[in-house]
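Trainee: model the structure of this input:
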Amino acid sequence: LQLVESGGGLVQPGGSLRLSCTASGFSFDFTNIGWFRQAPGKEREGVACLHSSDGSINYVDSVKGRFTISRDNAKKTVYLQMNSLKPEDTAVYYCASCTVFNLKGYYYWGQGTQVTVSS
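Mentor: Numbers count the residues shown, from 1 in each chain. The predicted model follows:
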């Protein structure tokens, strides 16, 4: 399974971006996919993870109410809609296979896309 992110960029505080993670490989439909981020000088953190079967979702507290994760199995794509962006959301965002209950990524990782929130 290969994952490729897109959609990052520079946005002003309060703005929106939508990230996309497109997968190749046969096991996408049965794989939880989520989003992670790493800011300069900080550890990587889980942002959101979406269960492939039951649709359950886990978000990190700092993005609840602002970010929405979704997936389109026909397009083998997972999205992260990010609204009301703040400067502290600035980071490299990665998609990865994940476990919902503890927001951990494992095994399959994308190359990352930069999100910069600045005026």
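Trainee: what sits against T113?
Mentor: Residues in contact with T113, defined by Cβ atoms under 8 Å, 6 or more residues apart in numbering, are E5, S6, G7, G8, L19, V92, Y93, Y94. Where you see a C-beta, it was placed from the backbone N, CA and C, and this is true even at glycine.
Trainee: show me which of those residues are buried.
Mentor: Among these, those classed as buried by 16 or more other Cβ atoms under 10 Å are E5, G7, G8, L19, V92, Y93, Y94.
Trainee: middle-most residue in this protein, spatially?
Mentor: Centroid-nearest residue in the chain, with Cα atoms, centre = their mean: W35, separated by 2.4 Å.
Trainee: per-residue pLDDT of it, please?
Mentor: Model confidence at W35, given as pLDDT, is 98.
Trainee: that one: which element?
Mentor: In this assignment (DSSP states H and E), W35 forms part of strand 33-38.
Trainee: tell me the helix or strand right after the lowest-mean-pLDDT helix or strand in the chain.
Mentor: The weakest-scoring helix or strand in the chain, judged by mean pLDDT, DSSP states H and E, is strand 104-109 (a mean of 91). Once the chain leaves strand 104-109, the next helix or strand it forms, by DSSP H and E, is strand 113-117.
Trainee: what about that next one, distance to the chain center?
Mentor: 12 Å (Cα atoms, centre = their mean, to the nearest Å).
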